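Trainee: Below: sequence and its predicted model.
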Amino acid sequence: MITASGITKTYKQRGNMLGARAVPALRGVDFTIEKGGAVTFIGESGCGKTTLGRIVAGLETYDSGDIVIDGTPMSSLKPRHRQPFFRRIQLIHQDPYSALNPTRTIHQTLAAPLALRAKQTGRGKAWMEERARELLALVGIDPGYVLPRYPHQLSGGMRQRVVIARALTVDPEVLVADESVSMIDVSLRLGVLALLKDLRERLDVSVLFITHDIATARYIGGDGELYVIYRGQVVESGPTERVISGPVHPYTQSLLSAIPVLHGVERPGPERVVPTEALNEAHSDTGCLFARRCPFRTDRCEAELPALVSDGEQAHACLHPQRRNVIPVEAVA
Ligand SMILES: Nc1ncnc2c1ncn2[C@@H]1O[C@H](COP(=O)(O)OP(=O)(O)OP(=O)(O)O)[C@@H](O)[C@H]1O
């Protein structure tokens, strides 16, 4: 089990003559990934999703808060001692073109991490060969065809599957899939999503899925937890189906209005959400981060940052939670 609590991350971006500008990417994010579970983060571009995925995979540092992996807080370890923990969490690179070394055959690509695994588990070369074939078959490609070939000799879909097979060489407990950086086209994307769903069921591996698309959030992690993130803050969370059928934060509702059917949502609206502003521009950080775009804002929202309040299952950070449907103004004809 992996627990993240209060994760914050601020980037320093080179600014104008006044010096570097601080860009808060994550502002105190908490979540738990259970064994075999699915956790989805959804939000629009720039909200901090990719940063979060990289932090969970141990590829990015964080400023405060902690990640606890199977009871061990990562802050209690020196960076090199964190590696064995983070190895259990594999980020699936979504750009199959740059993720594989073009000068290595697939056999060589899989051999390196399998050799490490063989050493750790006291196995030999025969096991490595067998495991490479087994993993390729698991991701739905013919080992005999793929193993001797170079990445450029394979289709985009095959390359993406090889990337997933490589992630599986270390027997990960969690796969992190950041769809927002996906370079693959729609038809391949659906195949990869189906594969991730299948691997979750067959290997009991957990999935941390990062997306800006509610339909894929539902497809891959419909039985898991959904976290809606806005400008680095979780504004709503809960069981995916429950949040989708009963969103209370106006931002979640505006995201959901992109899908045609909303079961169980009262619809006296629609109310309109102000279009996306340039997220990093001179936003006031006092008060609710969504206030400027929110159709329900009051003076209180401008002054008070709402904390995440939970009813035990579903949580929201809104001073005026709504049981109504709102739509982003971009979607209005
Ligand atoms: N290496 C970096 N240096 C400076 N700022 C960064 C860096 N990486 C991300 N940021 C900033 O942090 C914020 C969050 O970025 P992040 O990539 O995590 O968002 P995202 O939700 O994944 O966006 P997208 O869906 O477009 O990938 C953005 O404002 C971004 O400009």
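Mentor: On my side now, so go ahead.
Trainee: Now do V174 against V39, distance only.
Mentor: 9 Å (Cβ to Cβ, to the nearest Å). In short, each C-beta sits where N, CA and C put it, glycine included.
Trainee: same deal with L305?
Mentor: Distance of L305 to V39, given as Cβ to Cβ: 24 Å.
Trainee: Those two: which is more packed in?
Mentor: Higher neighbour count among L305 and V39: V39, with 25 against 15, using other Cβ atoms under 10 Å.
Trainee: Mind listing the residues bridging to that one?
Mentor: With DSSP bridges as the criterion, V39 is bridged to L208, E225.
Trainee: Double-check it against K49; I have them as touching.
Mentor: No: the pair V39 / K49 is not scored as a contact, 12.0 Å apart, by Cβ atoms under 8 Å.
Trainee: Buried residues, the strand or helix carrying T252. List them.
Mentor: Assigned by DSSP states H and E, T252 falls within helix 250-256. Buried residues in helix 250-256, counted by 16 or more other Cβ atoms under 10 Å: P250, Y251, T252, Q253, S254, L255, L256.
Trainee: Check which helices and strands that helix sits against.
Mentor: In terms of contacts (3 or more Cβ pairs under 8 Å, 6 or more residues apart in numbering; DSSP states H and E), helix 250-256 is packed against strand 225-230, strand 233-239, strand 271-273, strand 326-328.
Trainee: Apply 7 Å and report the result again.
Mentor: Under the contact criterion of 3 or more Cβ pairs under 7 Å, 6 or more residues apart in numbering; DSSP states H and E, helix 250-256 touches strand 225-230, strand 233-239, strand 326-328.
Trainee: do it and the ligand meet?
Mentor: No: residues of helix 250-256 contacting the ligand under Cβ under 6 Å from any ligand atom: none, with a closest distance of 13.0 Å.
Trainee: Get me the contact residues on the stretch 1-150 of the chain for the ligand.
Mentor: Close to the ligand, as judged by Cβ under 6 Å from any ligand atom, the stretch 1-150 of the chain has residues Y11, Q13, V23, A25, G43, S45, G46, C47, G48, K49, T50, T51.
Trainee: One more pass at 8 Å, please.
Mentor: Within the stretch 1-150 of the chain, the residues that sit near the ligand (Cβ under 8 Å from any ligand atom) are 9, 11-13, 23-26, 43-54.
Trainee: hmm, which of those are the buried ones?
Mentor: When those are checked for burial by 16+ other Cβ under 10 Å, the buried set is 9, 23-26, 43-44, 46-54.
Trainee: So which of these belong to helices?
Mentor: K49, T50, T51, L52, G53, R54 (DSSP state H).
Trainee: Which pLDDT value does the model give G36?
Mentor: Per-residue pLDDT puts G36 at 90.
Trainee: For it, the count of nearby residues, please.
Mentor: Neighbours of G36 (other Cβ under 10 Å): 15.
Trainee: separation between the spatially closest residue to it that is not a sequence neighbour and V56?
Mentor: Excluding its sequence neighbours, the residue lying closest to G36 (Cβ to Cβ, 6 or more residues apart in numbering) is D204, at 4.4 Å. Applying Cβ to Cβ, one obtains 19 Å for the distance of D204 from V56.
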